[in-house]
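> Sequence and predicted structure are below.
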Amino acid sequence: MSYTAPVKDMLFGIEHLANIEQIAQIPGFEDAGLDTAAAVLEECAKFNEGVLAPLNFEGDKNPSSWKDGVVTTTPGFKDAFRQYGEGGWQGLQHPADFGGQGLPKTIGAACIEMTNSANMSFALCPLLTDGAIEALLTAGSDELKATYLEKLVTGEWTGTMNLTEPQAGSDLALVRTRAEPQPDGSYKVFGTKIFITYGEHDMAANIVHLVLARVAGAPEGVKGISLFVVPKFLVNKDGSLGARNDAHCVSIEHKLGIKASPTAVLQFGDHGGAVGYLVGEENRGLEYMFIMMNAARYAVGMQGIAIAERAYQKAVQYAKDRVQSRPVDGSIAASAPIIHHPDVKRMLMTMRAYTEGCRAMATVAAAAFDAAHHHPDADTRKQNQAFYEFMVPLVKGYSTEMSQEVTSLGVQVHGGMGFIEETGAAQYYRDAKILTIYEGTTAIQANDLVGRKTARDGGQVAKGIAAQIEKTEADLLASGTPAALAVAKRLTAAREALLDVIDFVAGGTKAQPNAVFAGSVPYLMLAGNVVAGWQLARSLLVAQDLLQKGQDQAFMRAKITTAQFYADHILVKAPGLRDSIVDGAASVTELALDAF
């Protein structure tokens, strides 16, 4: 059940796809070049391999427990979280002004992947804290920042995101939690929130809840929602912890996976009202919460890549060790490790290609985020922001759907032993399922991709990405190698399929909305398929060049082979997805409801 961080592959993407040395030219990131990235990733790998990974299986067997309002986490988690904070990992991407290291997301994303590969249940706690930090940095008052940010950034306190209620689900217009203004400028908060990740635990001294609620007289629907900081313990003026707030955990959920991560039901205000502090302005809470949501959605996409990597590593090791049957080509006269069997190699290559393609896609998206938020040129910021926003639903949606296929294949490689919990392969399969659900289901990501990211601008950003892909096709053709030419052929067909669907979505959202939105998830899967394939095609070109220069030949050949496999077995699905959307989406809506 060991885990080895894929540092070499991560650094390849950071250097050659994300162009870390260009990011290091941005003011504030001057010390964040490739050497820094390599040093940070090596240290991160040591921590995750040595501290967090050994606790992963234990967390599944001995998950968090609740008794009388108190949540006790898996043995070892509390000490591991202390080490995580002391190592500076919580503050890696956050401003130095509040105790962070101020490194670019391009480096931080690789560290997020490692932590989630090592122990996804553990990693959910810092993931939510990252979101709370981003929301306070963007919309918090100077007083709120001074009170909470440094403790969150250094990992002394943790943060949560409180959206969902029993009657609301993802429809936040139905939020009923209420906030009553007080003479001192604070609010009293009353209500119930469900599915609150790390809403209660024993790993930190305080928990800073960010809570959506309505102030009396607010407009109906999402326009009347405000955002509040509601700490577990009130904070005195000197920064010390004061009285326990009226916010209590009344139960935690019993789940299919991520069992060590306590998913809490929180009750606010049963004993007179929980003290809360307004973030930003009244009735703009959903706007602020989306800052947390977008940070979390990208991170959940990284979780999909992370769990796929862990499942792949385990499957490869099992395939090397498990001896069964002679190879069909007669190359070995006796029973051999199953990695010699063609179908096992097909499954392993599928797992590898999906994982590396999504990692490359996410790495490039992280670089766009860094440029969008920190580049001195306004036009460059604008272009990168548009690209990043288009990529978020792909990183979240495609990578998490991918993780289900990869973790399922991981069980399949193990055969019957994969169905046995003691081998560990089943845990990755179970853990992966939640990724397509929380922080917005795949359909919610797809609706965002259709409505906000494609139809709103007539498909201009999407077509701009297609134009970049076409340039890569030209580079492949100019390369002229058999591998490059084969990938170029597949990539061209996939891009043309994507362009057809972009036109269909951009032109049909108002005219035939049911048909367009019936094809929204296939559109997301198509776009993710093509963008990941594009990044692997870029990887192939780099690997060919470095191979000619004699650099790390086994690694570079593997890069080329993985890109070819993706093109031949995954990218090739793109035209079929196009047909199911453009030609077949309408049929989804034709069956009368009374026929179900």
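Noted; the coordinates are in hand. Please read these numbers as outputs of a predicted model, since none were measured by experiment.
> can you give me the helices for the stretch 101-250 of the chain?
In the stretch 101-250 of the chain, the helices defined using DSSP state H, counting those that start in this stretch lie at 105-118, 120-139, 142-144, 150-153.
> highest average neighbour count across those helices?
Mean neighbour count, computed with mean count of other C-beta atoms under 10 Å, is highest for helix 105-118 among the helices of the stretch 101-250 of the chain, reaching a mean of 27. Placement of C-beta: from N, CA and C, glycine included.
> Please compute how far that helix lies from its chain's middle.
Offset of helix 105-118 from its chain centre (C-alpha atoms, centre = their mean, to the nearest Å): 10 Å.
> and the helices of the stretch 101-250 of the chain as TSV, adding mean pLDDT and distance to residue 350?
Converted to TSV, the helices of the stretch 101-250 of the chain look like this (pLDDT from 0 to 100; distance: least, C-beta to C-beta, whole Å):
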stretch	mean pLDDT	distance to residue 350
helix 105-118	98	18
helix 120-139	96	21
helix 142-144	97	47
helix 150-153	98	39
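> between the ones you listed, which gets nearest to residue 79?
Nearest of the helices of the stretch 101-250 of the chain to residue 79, taken as C-beta to C-beta: helix 120-139 at 11.4 Å.
> Please export the C-alpha coordinates of the closest one as CSV.
Provided in CSV are the C-alpha atoms of helix 120-139 (Å, rounded to 0.1, in the frame of the first residue of the first chain):
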residue,chain,number,x,y,z
MET,A,120,-7.5,11.8,0.5
SER,A,121,-9.6,11.8,3.7
PHE,A,122,-6.9,13.7,5.4
ALA,A,123,-6.4,16.1,2.5
LEU,A,124,-10.0,17.3,2.6
CYS,A,125,-9.3,19.3,5.8
PRO,A,126,-6.6,21.6,4.2
LEU,A,127,-8.6,21.7,1.0
LEU,A,128,-11.6,23.3,2.7
THR,A,129,-9.3,25.6,4.7
ASP,A,130,-7.7,26.8,1.4
GLY,A,131,-11.2,27.8,0.2
ALA,A,132,-11.9,29.7,3.4
ILE,A,133,-8.6,31.6,3.1
GLU,A,134,-9.3,32.6,-0.5
ALA,A,135,-12.8,33.9,0.4
LEU,A,136,-11.5,36.0,3.3
LEU,A,137,-8.6,37.3,1.2
THR,A,138,-11.0,38.5,-1.4
ALA,A,139,-14.0,39.8,0.6
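> Also compute the angle for it relative to helix 105-118, please.
Here helix 120-139 runs at 150 degrees with respect to helix 105-118, directions being taken by axes from the mean of the first three to the mean of the last three C-alpha atoms, to 10 degrees.
> thinking again about what came up before, residue 365: which of the helices of the stretch 101-250 of the chain is closest?
Comparing those by C-beta to C-beta, helix 105-118 comes nearest, at 8.2 Å.
> Now do the closest one: which elements does it pack against?
Helices and strands in packing contact with helix 105-118 are listed as helix 20-23, helix 34-47, helix 53-61, helix 120-139, helix 285-321, helix 342-374; criterion 3 or more C-beta pairs under 8 Å, 6 or more residues apart in numbering; DSSP states H and E.
> Need the ones you listed in TSV (columns: distance to residue 196).
Shown next, in TSV, are the helices and strands packed on helix 105-118 (distance: least, C-beta to C-beta, whole Å):
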stretch	distance to residue 196
helix 20-23	35
helix 34-47	27
helix 53-61	18
helix 120-139	9
helix 285-321	13
helix 342-374	26
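> where does stretch 95-112 sit relative to the chain's centre, distance-wise?
Using C-alpha atoms, centre = their mean, the distance from the centre of stretch 95-112 to the centre of the chain it belongs to is 16 Å.
> again with stretch 200-213
Mean-position distance between stretch 200-213 and its chain equals 21 Å (C-alpha atoms, centre = their mean).
> List the buried residues of that stretch.
In terms of neighbour count (16 or more other C-beta atoms under 10 Å), stretch 200-213 has its buried residues at 200-201, 203-204, 206-213.
> Among those, name the ones in strands.
206-213 (DSSP state E).
> Can you list the low-confidence ranges for the stretch 1-150 of the chain?
Within the stretch 1-150 of the chain, the segments meeting pLDDT under 70 span 1.
> All the helices of the stretch 401-550 of the chain, residue numbers only.
425-433, 442-450, 460-479, 482-508, 513-518, 520-548.
> possible to save those helices as JSON lines with mean neighbour count and distance to residue 316?
Supplementary listing: those in JSON lines, determined by neighbours: other C-beta atoms under 10 Å; distance: least, C-beta to C-beta, whole Å:
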{"stretch": "helix 425-433", "mean neighbour count": "24", "distance to residue 316": "12"}
{"stretch": "helix 442-450", "mean neighbour count": "22", "distance to residue 316": "27"}
{"stretch": "helix 460-479", "mean neighbour count": "16", "distance to residue 316": "29"}
{"stretch": "helix 482-508", "mean neighbour count": "20", "distance to residue 316": "23"}
{"stretch": "helix 513-518", "mean neighbour count": "19", "distance to residue 316": "38"}
{"stretch": "helix 520-548", "mean neighbour count": "24", "distance to residue 316": "19"}
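> Residue 174 is nearest to which of these?
When the helices of the stretch 401-550 of the chain are ranked by proximity to residue 174 (C-beta to C-beta), helix 442-450 comes first, at 15.4 Å.
> on that earlier part again, which of the ones in strands among the buried residues of stretch 200-213 sits closest to residue 181?
residue 213 (11.5 Å).
> Surely that closest one touches residue 274?
No. Counting by C-beta atoms under 8 Å, residue 213 sits too far from residue 274 to count as a contact (9.8 Å).
> Quick check: neighbours shared by those two?
residue 189 (C-beta atoms under 8 Å, 6 or more residues apart in numbering).
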